[in-house]
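Engineer: The sequence and its predicted three-dimensional model are supplied below.
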Amino acid sequence: MPPCEHHELLKKRDWPAVDKALLRADRDLDLLGRKYKERDEHGRLPLHWLAAKAQTHTHNLAKVGVLSIELNFEALTTRDNEGETPLDIALRSGACAEIIGLLSLTPEEARSLDEEEMFRGGGEH
């Protein structure tokens, strides 16, 4: 399946563009949910690419991280073709502490937090 446009924006580290796309007033949440479950040719979900490109913390990056998790909680533990989870990739690529904290959540922990709790605390669990 070809990757969604969010894969490409995430690969480019264009956090404001992803944030804008995720928060558009006319967004279709069902469609976004399906896009965030689409794998690319490497077996990666959008959350894997966010993990790989998140070295410098910004407000937009943190918001995109939280929204990406909310669109696919199971992505936190999904392995790509190399057997890596988003957390594995984040640790290997030197992602910022805020994203490592978010990606350290289990799907169950993430579901139990509201958006503000995830945004503020990330992985402080």
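Structural biologist: Nice, thanks for sending it over. Keep in mind that this is a model prediction, so the values were computed, not measured.
Engineer: just the helices in the chain please.
Structural biologist: Secondary structure of the chain (DSSP state H): helices located at 5-11, 15-23, 29-35, 46-53, 59-71, 86-93, 97-103, 107-112, 115-121.
Engineer: Out of those, which gets nearest to Thr77?
Structural biologist: Put simply, out of the helices of the chain the one that sits nearest Thr77 is helix 107-112, at 6.2 Å, with distance taken as Cβ to Cβ. Heads up, the C-betas are built off the backbone N, CA and C, glycines and all.
Engineer: and that closest one, what does it pack onto?
Structural biologist: Packing contacts for helix 107-112, counted by 3 or more Cβ pairs under 8 Å, 6 or more residues apart in numbering; DSSP states H and E, involve no helix or strand.
Engineer: Report the distance from it to the chain centre.
Structural biologist: Relative to its parent chain, helix 107-112 has a centroid offset of 14 Å by Cα atoms, centre = their mean, to the nearest Å.
Engineer: Now it - C-alpha only, PDB.
Structural biologist: C-alpha atoms of helix 107-112 as PDB (Å, rounded to 0.1, in the frame of the first residue of the first chain):
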ATOM      1  CA  PRO A 107      -1.200   1.600  24.400                       C
ATOM      2  CA  GLU A 108      -3.200   1.000  27.600                       C
ATOM      3  CA  GLU A 109      -1.400   3.900  29.500                       C
ATOM      4  CA  ALA A 110      -1.900   6.200  26.500                       C
ATOM      5  CA  ARG A 111      -5.600   5.400  26.300                       C
ATOM      6  CA  SER A 112      -6.000   6.200  30.000                       C
END
